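Visitor: the sequence isn't on hand, but the structure is:
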DNA sequence: CGGTATCCATCCTGATACTG
DNA sequence: CAGTATCAGGATGGATACCG
């Protein structure tokens, strides 16, 4: 009917963000830089001690996409600061929208997930206690990161 | 200064969406179902022939999270329809916000990326033609899905 | 039609250790 | 301090083939 085979841009599926922004750390880095520049080690604190390798690759990709600027002050010990660009700052409102959705709907999603999991895998003790109770559950559902 | 070590919820980093929603296909499935229920095979068309295995696991996870409902009509040949729930529909406005950001800023992001890549890796012919031109570029930048 | 079953290629992330 | 180098593990996405 109205499902167009070319409905989605192959470069940017669903008109969504280039995937980098949807990765594990980018949004968090943007939030960490919201109130001003931060240093490499400062960023690692709220990011639950993400390893330097991962933080480096995240920051490099963000720099490449014009979301942050890296400033190195020639000194010993080294001093490097990361700051949001205007483009990076523009993500703040979008991230706020995501957080608003989570605040409003995440509990419902989590409840649905829990109900689904419990229906598919009833407590063994209870299931065993009710001999003829039909289960009708579907197979293993597991997924979920 | 104000970077709180517990700034981010470990269950839902950055207050962002549970990761499933950020996966490769979920947002697209939501958009495909915007105007009414669709059948399994119908969904594969705009999704660029995603393999049945991947579409199945995406839909199962969405069902688990209460984003879609699956309805099977007992008939031959089989007839199964997927429809958005209220929760799934609530994602439409969020996805619209994402698309709006892309429309407004993606060109800028892509331009920054291209400029960065060209600066790091100038055309060999041009570079070779200018003997003493300093390059100063940083190392290999590659990433980018 | 609407899936499953296998196998496979990455990709991403992380732990650990070392350096200018 | 701000990274880089190496190695390893797991999850994701996909190709291909088969089934009720």
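Guide: Looks like it arrived, so ask away. Nothing here was measured: the structure is a model prediction, and the numbers come from that model.
Visitor: what residue is smack in the middle of chain A?
Guide: residue A:24 (4.7 Å; CA atoms, centre = their mean).
Visitor: is that residue located within a helix, as I assumed?
Guide: No - Residue A:24 is assigned coil when assessed by DSSP: H, G, I helix; E, B strand; the rest coil, not a helix.
Visitor: let me see the backbone angles for it.
Guide: The phi/psi pair for residue A:24 (degrees, to the nearest 10) reads phi -70, psi -30.
Visitor: listing request: residues of chain A with sub-threshold pLDDT.
Guide: A:1-2, A:10-20, A:49, A:121-145 (pLDDT under 70).
Visitor: quick check: residues of it near DNA strand C?
Guide: Residues of chain A lying close to DNA strand C (CB under 7 Å from any atom of the strand) are A:19, A:23-25, A:49-54, A:57-58, A:77-78, A:139. Just so you know, the C-beta spots here come from the backbone N, C-alpha and C atoms, and that holds for glycine as well.
Visitor: by proximity to DNA strand C, which residue of chain A wins?
Guide: Using CB to the nearest atom of the strand, residue A:24 is the residue of chain A that sits closest to DNA strand C, at 3.1 Å.
Visitor: measure that residue to residue A:47 for me?
Guide: Counting by CB to CB, to the nearest Å, the gap from residue A:24 to residue A:47 is 10 Å.
Visitor: sort out which residues of stretch A:38-47 are buried, please.
Guide: A:38, A:40, A:42-47 (16 or more other CB atoms under 10 Å in any protein chain shown).
Visitor: stretch A:66-76 now?
Guide: For stretch A:66-76, by 16+ other CB under 10 Å, it's A:66-68.
Visitor: same check, this time on stretch A:73-87
Guide: Quick answer for stretch A:73-87 (16+ other CB under 10 Å): A:81-82, A:84-85, A:87.
Visitor: give me the contact list for that stretch.
Guide: Applying CB atoms under 8 Å, 6 or more residues apart in numbering or on different chains, the contact partners of stretch A:73-87 are A:29-30, A:33-34, A:36-40, A:43, A:59, A:65-72, B:105, B:108-109, B:112.
Visitor: just the helices in chain A please.
Guide: For chain A, the helices defined by DSSP state H occupy A:26-32, A:40-44, A:52-64, A:86-120, A:124-129.
Visitor: need these in JSON lines (columns: distance to residue A:4).
Guide: Converted to JSON lines, the helices of chain A look like this (distance: least, CB to CB, whole Å):
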{"stretch": "helix A:26-32", "distance to residue A:4": "30"}
{"stretch": "helix A:40-44", "distance to residue A:4": "42"}
{"stretch": "helix A:52-64", "distance to residue A:4": "31"}
{"stretch": "helix A:86-120", "distance to residue A:4": "26"}
{"stretch": "helix A:124-129", "distance to residue A:4": "46"}
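Visitor: ranking these by burial, who's on top?
Guide: Ranked by mean neighbour count, the helices of chain A are led by helix A:26-32 with a mean of 24 (mean count of other CB atoms under 10 Å in any protein chain shown).
Visitor: what does that helix contact?
Guide: Here helix A:26-32 makes contact (CB under 8 Å, 6+ apart) with A:20-21, A:38, A:42-43, A:46-47, A:58-59, A:61-62, A:67-68, A:82, A:84, A:88, A:91-92, A:95, A:98, B:3, B:7-8, B:13-14, B:16.
Visitor: out of these, who's near DNA strand D?
Guide: Checking those against DNA strand D (CB under 7 Å from any atom of the strand), the matches are A:42, A:59.
Visitor: for chain A, list the residues in contact with DNA strand D, please.
Guide: Going by CB under 7 Å from any atom of the strand, the residues of chain A near DNA strand D are A:39-42, A:51-53, A:56, A:59, A:70, A:77-81, A:143, A:145.
Visitor: which ones are touching the nearest residue to residue A:34 once chain neighbours are set aside?
Guide: Spatial nearest neighbour of residue A:34, excluding adjacent residues (CB to CB, 6 or more residues apart in numbering or on different chains): residue A:92 at 6.1 Å. Counting by CB under 8 Å, 6+ apart, residue A:92 makes contact with A:30-31, A:34.
Visitor: alright, I will stop here.
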